[in-house]
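S.K.: Next comes the sequence, and after it the predicted model I'd like to discuss.
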Amino acid sequence: MAKPSAPRRRAVAHRATFPYLKDAAGHHAPIVYLQVWSGNRWLYLQAYVDSGASWTIFHVDVAQLLGLKLSHAKRRDMSLGNGSVIPVYFHAIRVRFAGAEFLVPAGFSDALKVGFNLLGRAGFFDRFVFAFNDRARVLTATPISRYSK
């Protein structure tokens with residue numbers, strides 16, 4: 001008689017919901033709070049969740065708050081949707097988001113003139129399934145379990 005296989009372990013996913021916040025123009029948008037580690041304390045930041053952005057990008061002022069030396073960061077010239085190219089300095093940062101703590105690659109630039117931080121796909125969209133509900137003005141982030149089918 002064959003030995004029965006062990007049951008597949010399943011992690012329970014805890015969904016986090018974020019009500020849309022108003023942007024500078026007063027429109028509701030998928031803007032979330034996350035925490036970033038500064039080396040001695042956690043700082044709260046807001047970021048616009050942008051499924052069209054490959055990378056998370058913060059203003060250079062955030063790098064200064066975190067005590068990062070951008071002279072030691074990797075520089076990449078990034079193309080924007082309008083065809084312009086801006087310098088972005090990348091650094092790994094520790095974040096807390098939707099009940100999880102992890103490292104993400106983050107870019108820092110003073111040339112991105114959108115007026116807010118961007119939470120992009122790298123480091124986030126491979127950890128969470130994001131559901132944008134513009135009608136209800138709610139963003140849902142569900143952790144992706146490494147044990148799920």
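M.R.: Right, received. Where do you want to start?
S.K.: any chance you could map the helices in this protein?
M.R.: Here the chain has its helices, by DSSP state H, at 60-66.
S.K.: for the chain, what spans make up the strands?
M.R.: Along the chain, the stretches classed as strands by DSSP state E are 16-19, 21-22, 28-29, 31-37, 42-49, 56-59, 74-79, 85-97, 100-109, 118-119, 128-133, 138-143.
S.K.: which residues are contacting the first one?
M.R.: Okay, so that is strand 16-19. Outside strand 16-19, the residues that touch it by Cβ atoms under 8 Å, 6 or more residues apart in numbering are P30, V32, Y33, A98, G99, R137, V138, L139, T140, A141, T142. Just so you know, the C-beta spots here come from the backbone N, C-alpha and C atoms, and that holds for glycine as well.
S.K.: which ones are touching the third one?
M.R.: Residues counted as contacts of Y33 (Cβ under 8 Å, 6+ apart) are F18, Y44, L45, Q46.
S.K.: Please repeat the previous calculation with a cut-off of 6 Å.
M.R.: Contacts for Y33 were tallied using Cβ atoms under 6 Å, 6 or more residues apart in numbering; they are Y44, Q46.
S.K.: From I86, how far off is it?
M.R.: According to Cβ to Cβ, to the nearest Å, Y33 and I86 sit 25 Å apart.
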